[in-house]
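Asker: What shape does this take:
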Amino acid sequence: RDAQESRGLGDVYKRQMKYKSLIFSIILVSVTLLASWTVPALVQKMTDDSHSYPLMYYSARLKELCVIDFREHKNSFYDIHGNEYPRAQYDSLLPLLNYRQLAMEGQLPDSLEGQAIDVKILRSKQVMFRFRPVDVFSPQPAMGVLLEAMPKRGNLTLPGDYFRMDRELTFVDAQSNSVNRQKSEIFTKELIKKGFSFPVKAYWGNPTVRKPYEEGYFCLDSKGALFHLKMVNGRPFVKDTGIGSQLGIKWFVMSETSDKRFYGYLFGEKGEMGLLESTDEGGYRFLPFDIRPIDITKDEISILGNLLYWTVRVSDAEGMDCYGLDAVTLQSLSSYHQDRKRVLWDELSEWLFPFRLSPSSETSSFVNLYAGNLSSKGLAVSFFLALLTFFLCRNKVSLYRRILMALCVCAAGLSGIVALLFLPWNKYE
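Answerer: Have a look, this model is predicted:
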C-alpha cells in the first residue's frame, strides 16, 4: 500500500512538473514576443530623430536643383553645388514655384525661355504627384464607377451603377443591387472584340466627379496587354494601348490633368517609371523618366512639375535621390543624392535587436503583427547573450528551461533579456 501511494505521489509530481514546464514555456514566449515590440519601441522613442528631407526644386533661373530648408538655414537657400542665395531672392530665382506671390506683387515675368506665361497658363501646367508603398499594399476597390466621358450638360455625374471586372464586365444597379445584363453584355462583347483576354489582372481609374474630365479605366488583361476603357454617349470605347508589348506593367496611377497631356503614371516590372501619354494621332505612348529604377514596394515618390521643368524626388530607407527633368522629354538635367541621416537609434538597433515586432508598418496602413529590422550584428550579440544566459542559469533551472531561455534570448536579443527579468524566478527554481 505504501508503495502504491508513493507511485501515485510520484505520478502527481510528474504531472505537476509537466504542467509547470508548459506554463513556463507559454509565459516566457509570450513575454518575449511582447518585449520584442515594447522594448525596441521605447528605445526608438528615446534615441530616434526625424528623417525628413528638405524641399528640392529645379530653378528656371539658375538651371540647377535648389535645396530649400528654412528650418536649418533661415535666411538663405542654396543649390546642390553649395552656392548660397539670400532669402530675399527666393521668389525671383524660383518664379515657377512662387508665381502666385510674384503675380500678387506685380513682378511675374511675361515670359521664360521664350514662352509666354501668366497665372492661368502656369496653373494648367502645374503637376503635383505623390506615391507611397502603402498605396500598393492597401486593398483596391472591388468595384469601379464608369462615368459618361461626354456628358450632355458638361458636368460629370454618377451613373447610378457600378461595375466589377473579373471573368467578365458586370454592371450592378446601385439602388436595386441587380445586374444590368444588357449593359454588361454590350461592354463585355466589345472588350473581347477588341482583343481583351479575360480574366482581368488589374484595372485602374479615378472614380470621382471632382475632376475636369473623364478618361475611364485602364485594364490589364491576362496576357499583360493594357486596354483603355471608357463610356462615350452610353456606348463602350475600348482600345489596346500597345504599351503591354513594350514593358511588363506592374502598376498604374490615373491622373486626369488639366492640359490633357497624359493619362497617368505607369510603373514597369523592371523598375521603369514614366507617363502614359496621348499622341496627336489618338494613340498612346510610354515616356520614361530619366531616373534610377523604382521599387514600388519601398520607394516614396513626389513630383513637382511646371511649364518647363519637373522635379522628381525618390526616397527609401537608404536615402533620397532628386532629379531635375525637362518637362517635354523628361530627360535628366541635374541630379542630387542625399544619404539618410544616421542617428543613435540606427546604431543601437543594429547591435541590440536582431529583429523587432511592431503593430504598424511603413508599407501598410493596417494594424497587424509585422516583423522587421533583421540585423546580422544584432544576431551575433544575441548569440553571445544566449550562451551567457545558458551558463549563468545552470544552477537555477532545468536543462529544458535553460535551452528555451537561451533560444528566446538568441532570437530577441536585449528584448529577451528584459523578458527574463520579468519571470517569477522563485516559482521555477
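Asker: Does Ser36 belong to a helix, a strand or coil?
Answerer: When classified by DSSP: H, G, I helix; E, B strand; the rest coil, Ser36 comes out as helix.
Asker: Centre of the chain to stretch 160-175, how far?
Answerer: The chain centre lies 29 Å from the centre of stretch 160-175; the measure is C-alpha atoms, centre = their mean, to the nearest Å.
Asker: which residues touch that stretch?
Answerer: Stretch 160-175 is contacted from outside by 142-146, 178-180, 183-184, 187-188, 191, 198-200, 203, 219, using C-beta atoms under 8 Å, 6 or more residues apart in numbering. Using the backbone N, CA and C atoms, a C-beta is placed for each residue, glycine as well.
Asker: which parts of it are buried?
Answerer: 161-165, 168-171 (16 or more other C-beta atoms under 10 Å).
Asker: again, but for stretch 322-332
Answerer: Quick answer for stretch 322-332 (16+ other C-beta under 10 Å): 322-325, 327, 330.
Asker: Mind checking which of the contacts of stretch 160-175 are in strands?
Answerer: Among those, the members found in strands (DSSP state E) are 203, 219.
Asker: List buried residues within the contacts of stretch 160-175.
Answerer: Of the contacts of stretch 160-175, these count as buried by 16+ other C-beta under 10 Å: 144-146, 180, 183-184, 187-188, 191, 200, 203, 219.
Asker: gap between Asn233 and Gly271?
Answerer: Taking C-beta to C-beta, to the nearest Å as the measure, Asn233 and Gly271 are separated by 40 Å.
Asker: quick one: which of the two has more around it?
Answerer: Gly271 (14 against 10; other C-beta atoms under 10 Å).
Asker: quick revisit: can you tell me which of the buried ones among the contacts of stretch 160-175 end up in helices?
Answerer: Members of the buried ones among the contacts of stretch 160-175 lying in helices (criterion: DSSP state H): 183-184, 187-188, 191.
Asker: Which neighbouring elements make contact with the helix or strand harbouring Leu229?
Answerer: Leu229 is part of strand 226-232 when elements are defined by DSSP states H and E. Counting by 3 or more C-beta pairs under 8 Å, 6 or more residues apart in numbering; DSSP states H and E, the packing neighbours recorded for strand 226-232 are helix 181-193, strand 217-220, strand 235-240.
Asker: wait, which of those is closest to Ala371?
Answerer: strand 217-220 (31.4 Å; C-beta to C-beta).
Asker: So what's the gap between the closest one and the chain middle?
Answerer: On C-alpha atoms, centre = their mean, the centre of strand 217-220 falls 21 Å from the chain's centre.
Asker: Mind giving me the packing neighbours of it?
Answerer: Using 3+ C-beta pairs under 8 Å, 6+ apart, strand 217-220 sits against strand 202-205, strand 226-232, strand 249-254.
Asker: Just the buried residues of the strand holding Leu229, please?
Answerer: 226-231.
Asker: CA atoms only for that strand, dumped as PDB, please.
Answerer: In PDB, the C-alpha atoms belonging to strand 226-232 read as follows (Å, rounded to 0.1, in the frame of the first residue of the first chain):
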ATOM      1  CA  LEU A 226      -3.100  47.300 -71.400                       C
ATOM      2  CA  PHE A 227      -6.500  48.500 -72.700                       C
ATOM      3  CA  HIS A 228      -8.300  51.800 -72.400                       C
ATOM      4  CA  LEU A 229     -12.000  51.500 -71.400                       C
ATOM      5  CA  LYS A 230     -14.500  54.400 -71.100                       C
ATOM      6  CA  MET A 231     -18.100  55.100 -71.800                       C
ATOM      7  CA  VAL A 232     -18.900  57.600 -74.600                       C
END
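Asker: How about residues contacting that strand?
Answerer: In contact with strand 226-232 (C-beta under 8 Å, 6+ apart) are residues 146-150, 159, 187, 191, 194-196, 203, 214-221, 236-241, 243-244, 249, 252, 263, 284.
Asker: Let's have the helices and strands packed on strand 217-220 in CSV, adding distance to Asn75 and mean pLDDT.
Answerer: Listed next are the helices and strands packed on strand 217-220 as CSV, based on distance: least, C-beta to C-beta, whole Å; pLDDT from 0 to 100:
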stretch, distance to Asn75, mean pLDDT
strand 202-205, 45, 94
strand 226-232, 50, 96
strand 249-254, 38, 96
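Asker: Output those in JSON lines; the columns should cover distance to Cys410.
Answerer: JSON lines is the format used below for the helices and strands packed on strand 217-220 (distance: least, C-beta to C-beta, whole Å):
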{"stretch": "strand 202-205", "distance to Cys410": "42"}
{"stretch": "strand 226-232", "distance to Cys410": "49"}
{"stretch": "strand 249-254", "distance to Cys410": "38"}
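Asker: To Ile121, which of the ones you listed lies closest?
Answerer: Nearest of the helices and strands packed on strand 217-220 (C-beta to C-beta): strand 249-254, 24.1 Å.
Asker: wait, doesn't Ile303 sit right on Gln126?
Answerer: No. Here Ile303 lies out of contact with Gln126, judged by C-beta atoms under 8 Å, at a distance of 10.8 Å.
Asker: Following the chain past the one helix or strand Val381 maps to, name the next helix or strand.
Answerer: For Val381, the host element (DSSP H and E) is helix 376-392. Downstream of helix 376-392, the next assigned helix or strand under DSSP H and E is helix 399-412.
Asker: returning to that earlier point: any idea which of the buried residues of stretch 322-332 is the one closest to Val367?
Answerer: Using C-beta to C-beta, the buried residues of stretch 322-332 come closest to Val367 at Cys322, 32.9 Å.
Asker: pLDDT value on that closest one, please?
Answerer: Confidence at Cys322, expressed as pLDDT, is 96.
Asker: Same question for the one 5 residues further on.
Answerer: You'll see Ala327 listed with a pLDDT of 95.
Asker: Gly305 is in contact with that one, correct?
Answerer: Yes. Counting by C-beta under 8 Å, Ala327 touches Gly305, with 6.4 Å between them.
Asker: joint contacts of these two?
Answerer: Common contact partners of Ala327 and Gly305 (C-beta under 8 Å, 6+ apart): Lys125.
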